[in-house]
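>>> Need coordinates for the below:
(chains A and B)
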There are 2 protein chains.
Amino acid sequence: MTQPATAAFLDRLAAALPSGTLRSRRPGELEDPRGRYHGQAAVIACPGRVEEVSTVVRMCHEAGVGVVPLGGGTGLVLGQVAYDGPAPVILSLERMTAIRAVYASENVIIAEAGAILTDVQAAAAEANRLFPLSLASEGSCRIGGNLATNAGGLNVLRYGNARDLCLGLEAVMPDGSIWHGLKRLRKDNTGYDLRNLLIGAEGTLGVITAASLRLFPRPDHAAAAVFVVSSPQAALELLAMAQAMIGDGISAFELMSGMGFAFLSETMPDLRQPFETPPEWCVLIDLGLSGVSDPEERLSALFEAGSAAGLVSDGVLSQNEVQRQAFWALRENIPEANRRIGSISSHDISIPLSRIPEFIPEGIERLGKIADIRVNCFGHLGDGNLHYNAFPAKGRSRAEYENVRGAVKACVHDLVAEYDGSISAEHGVGRLKMEDLERYGDPVKLATMRAIKAALDPKGIMNPGAVLRQIDDQFE
Amino acid sequence: MTQPATAAFLDRLAAALPSGTLRSRRPGELEDPRGRYHGQAAVIACPGRVEEVSTVVRMCHEAGVGVVPLGGGTGLVLGQVAYDGPAPVILSLERMTAIRAVYASENVIIAEAGAILTDVQAAAAEANRLFPLSLASEGSCRIGGNLATNAGGLNVLRYGNARDLCLGLEAVMPDGSIWHGLKRLRKDNTGYDLRNLLIGAEGTLGVITAASLRLFPRPDHAAAAVFVVSSPQAALELLAMAQAMIGDGISAFELMSGMGFAFLSETMPDLRQPFETPPEWCVLIDLGLSGVSDPEERLSALFEAGSAAGLVSDGVLSQNEVQRQAFWALRENIPEANRRIGSISSHDISIPLSRIPEFIPEGIERLGKIADIRVNCFGHLGDGNLHYNAFPAKGRSRAEYENVRGAVKACVHDLVAEYDGSISAEHGVGRLKMEDLERYGDPVKLATMRAIKAALDPKGIMNPGAVLRQIDDQFE
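Numbering: from 1, shown residues only, chains lettered A, B, ... in the order given. Predicted coordinates for the structure are as follows:
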C-alpha cells in the first residue's frame, strides 16, 4: 500500500519544482465521466518539462507516495480516478502540450503527452497529412492518455489502434529515470519492446511524456454509405465483399441496430434518419481513396454486388461531404442517445469476427432471463468490437434495475469468455475492470504482469490500484 | 551462469518425454549461416506438443540448465547459436509444424511455431488469403523464429513487421508455465502487452509455441517497375509522390545501387539486367491492387509524374507476372552476389527517412578513410531500412581486411547512432550485437530490460547470452 502524502512531503515537492507547478483541484475535476466515482488528490502536479515529471516521480518513489497520471480525464474505466487508498499525487500532463516536431516527408509527428487529440490531428492536417486516431472524446482527451489506454475508435480497421500509430516514446519510469525512446524509425529490433509495454499499461509502469507518431497521406476523396442488411451475418459477408472489392480503402465499417435508431427517435425526435422505417440492422461504411479512384463509384458497385448476393436490401450513399457528415452524425449520436436513456450496464467487448452473429442473439436471450432489458448493440464491427449495452425497458428507469446490474454485467462477460472474446476491447481495465481481469484473464499472463509490475515498480506507486490489485493487497 | 546438463539430468529429461523426443545434432547443424560460429548442444529436444515444451523448460528451470529455442536456424545475429558457456538444451520446434486452423472469414490463421514460413503462406493462399510476411529465407525459416526476432522483409511498408501480423500467442514461460494467449481479436485491452514483449525477445523471455496471425485479402492485380532515380533523395521524393498518388497499394519500395548491379555483373554475368548502363540508383516498386484499379496504369502515371518532376530518368514496367518476377529476381539476387563477393562487415540499419540522403555518402566517405572499401547500399527504403554492407576493393579478398573489420563496423554503427537510427532494423540482437546494444542502447531501456529478464527468468536459463549479457556476468 502506498503512503499518504504528508504536508512536509508536499512542501519538499513544491520546493523542488518551479513555482506554480502544484495546484489544488478544480470543482468537478477527477469525477469519472459517468459520474459514479470521485477521485482523490493530495495535490495536482502540472510539470512543464520531462525533467520536472522525473522530479515528481522520483520524489514520490522515495517517499512511497502514489502517482496517478492524468490526461484529458475522459477514460471510462476509472484509470484516472483514484477513489480508494491514500490520496495520491495527480500528475497532470496539461502543460506539456507541445507539438515538438512534424516530419512531413517521413510521415512522423512528435507530440507531448498533454497534446489534445484534435490538436495533433490539426498539426498533421497543416502538413497535409492524416493522423487517423479518432474517437468521441477527441476534443478533450490527450495523446498520452490515448497511448496509456491504447485507444481505439473509428479508424482502427484501416489504421490500427493507438499502439499501431506509435513509433517511439519518451517516458518517466517508476523510479524517476527518463527513457529517451523518441525514435522515428519504422523498424528497430534492438531489444525488448518497452514501447508496447508502456502503451496500454494505463500509467502503472511509468508515465508517457511524449510520443513519436505515424502520419499518413490524406486520402483525396472520401465517401460514406449506410446499407441496410438483414442480419449481423449479412453485415460480415458484406465486409468480406467490401475488402475483396475495395482493398485497403475502407476506413470504417460500423454496425448500427434498430434499437439504436429507436433510441435516437426516442431521445432526439428532430434528428433526420435516412430510412422511413428504421432497419433492424445496418452498416455505415466509410471510404477514403487516393488517386484516380472514385469512392462513390466503388460504393455503388458494392451496393449492387451486395444486393445481388442478397446481403443488402436498401441503402443511401453520400453525394458530398455534408451528407457524409450527416451519416456519421447518426452513428456518433448513438452514445448520446444511450446516455439519455440511461444504461443499466455498458460493455466494451470484442468477439472473434465469425462468432458475432451467434453471440448477439444469445446475449439478448440470456439477458432476457434476468429482467425485461433492451440491448443496443453497435460499434466497430470491422474490428470485432461491439458496444453491447443493456438498458431498461421502455418507460422504466435504470434505478429500477440497480439490483440486477451485477448480474447483467456478469452475464455478458461470462458469455464473452465462452466465446473467447475480450471484456475490454478498447477502453482498458482501469479500476472498474480490475476484478474482471482477475476473473477472466489467463492466470499465467496475470502472474507475468504482476512480476513485471513488481520488478519495475517495487513500491507500487504508479497508478496504484489500477489494472492490478495493489501488491500488498494480493496477500490479504 | 547456467549449469551444465549432466548425464543424469538428460536421463531424467528423456524419461519425462515421449520416446524419440530427444535427438543428437546432425552434421552442420547449429552453425551460423555465415559460417563463423559453431553452436553447442547438450541435446536437441524436439517436443511435439506445448505440454512437452513445458516439461522441457520446467525441468531445465529446476536444474538451472540453459534452453535455446531453435526455429529454422536462419537468423543472422547468432540468436540460435550458443557458442559460449555450458552446452544448453536446444529446443527445436521442428515437430510443431501444424496449421491448427484457418478462419478465412476472420482473416486469421493459427500456426504452430515450427511451421515453415512458406507453408503458412501456402495455407493462407489455399483459403484465398494473403499472409504477407516474405523474406529471403522463407523456405526454411519457421514462424516462431520470425516472431521471436520480429522479422521484417519485403512487405513491411504495406503490412508491417512480424509483430504487426500477430494477434495472439501460445507460449511457455521461463518457469515452464503455459500462457494460452491465442486470441484472434483485433482489439483486446486487457492488461500488459505480453504478446509484444515476447515478440522480438529472441527466446530470452519464453518460447513461442503457436501464434494467431493476421491474413489479408489477396490483391487481384500486381505489377512492378524499376525506375532509375538520380539519388536517394529523388527516391524518397518519388516514394512520397507514390504514396500520395497510389495510397495503400504500394507493397514494396526497394532501393538498389549501381554497386549492386556491378556485383551482379561480376558474380552472375548471365543474369539479364534491365538497363544497358547500370544506373547509379534505382528503385523497385511493387503494387498490389484490388477491384477496378489497374496497377500498370498507376505505375505509368507515376513514371510520368516522376519524370515531369525530374525525379525519374528511365524505367521499365512489368507487363506480366513473369516480368514482375524477373524484376524481383534482380533484387533478390543482390544478397547472393554479396555473399559471392564476401563482405567485410554487414549492417542491418535503419535511419530516419529524411536523413538517408545525407547518411549514405557520409558513411562511404568515413569508411574510405579506413581502407579502400566498396559499399553496397540497398534495401527497404520505404521502411528506412538499409543493408549497408562493406566489401573489399575489386580484386582483393575479405581476408585482407580482417584487421579493419571492427573499425568498419564501429564506423557505421557510430554514424547510425549520430543519425538517431537503429543498429538492428530487422535482424535482432542475438549474440552478435549484444555488446553493440550495451554501447548504443538507451541506459534506462537497458536497465528496464534487465529488470524484466530477472523478474521473469531469475535463473537466466532462456537463451542465455543472447540479447542481454548473462546476469552473473553483469557483475564481473
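>>> Which residues of the stretch 301-450 of chain A lie near chain B?
Within reach of chain B by C-beta under 8 Å from any C-beta of the partner chain, the stretch 301-450 of chain A has these residues: A:301, A:350-354, A:380, A:383-385, A:420-429, A:433, A:437, A:440-442, A:444-449. Quick note: C-beta positions are derived from backbone N, CA and C, even for glycine.
>>> all helices of the stretch 101-250 of chain A, in order?
Secondary structure of the stretch 101-250 of chain A (DSSP state H, counting those that start in this stretch): helices at A:117-126, A:143-148, A:156-159, A:194-198, A:232-246.
>>> Can you lay out those helices as TSV showing mean neighbour count, mean pLDDT and distance to residue B:87?
Shown next, in TSV, are the helices of the stretch 101-250 of chain A (neighbours: other C-beta atoms under 10 Å in any protein chain shown; pLDDT from 0 to 100; distance: least, C-beta to C-beta, whole Å):
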stretch	mean neighbour count	mean pLDDT	distance to residue B:87
helix A:117-126	19	98	52
helix A:143-148	30	98	43
helix A:156-159	23	94	47
helix A:194-198	25	98	32
helix A:232-246	20	93	50
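>>> among those helices, which is nearest chain B?
Comparison of these against chain B by C-beta to the nearest C-beta identifies helix A:194-198 as nearest, at 3.7 Å.
>>> quick one on the thing from earlier: would you mind putting the helices of the stretch 101-250 of chain A into CSV with distance to residue A:465 alongside?
Below are the helices of the stretch 101-250 of chain A laid out as CSV (distance: least, C-beta to C-beta, whole Å):
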stretch, distance to residue A:465
helix A:117-126, 26
helix A:143-148, 15
helix A:156-159, 28
helix A:194-198, 18
helix A:232-246, 37
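>>> Now render these as JSON lines, adding distance to chain B.
Formatted as JSON lines, the helices of the stretch 101-250 of chain A follow (distance: least, C-beta to the nearest C-beta, whole Å):
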{"stretch": "helix A:117-126", "distance to chain B": "14"}
{"stretch": "helix A:143-148", "distance to chain B": "11"}
{"stretch": "helix A:156-159", "distance to chain B": "7"}
{"stretch": "helix A:194-198", "distance to chain B": "4"}
{"stretch": "helix A:232-246", "distance to chain B": "5"}
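>>> Distance of residue A:31 relative to residue A:40?
11 Å (C-beta to C-beta, to the nearest Å).
>>> Surely residue A:186 and residue B:156 touch.
Yes: between residue A:186 and residue B:156 there is a contact under C-beta atoms under 8 Å: 6.9 Å.
>>> how about the strands in the stretch 301-450 of chain A?
A:312-317, A:348-350, A:373-380, A:385-392 (DSSP state E, counting those that start in this stretch).
>>> same question for the first one, mean pLDDT?
So that's strand A:312-317. For strand A:312-317, mean pLDDT is 96.
>>> what's the answer for the third one, then?
The predicted model assigns strand A:373-380 a mean pLDDT of 96.
>>> buried sites along it?
A:373-380 (16 or more other C-beta atoms under 10 Å in any protein chain shown).
>>> Looking at these, which is nearest residue B:168?
Minimum distance to residue B:168 across these is 18.6 Å, recorded for residue A:380 (C-beta to C-beta).
>>> ok, that closest one - contacts?
Shown in contact with residue A:380 (C-beta atoms under 8 Å, 6 or more residues apart in numbering or on different chains): A:152-154, A:156-157, A:252-255, A:386, A:426, B:187.
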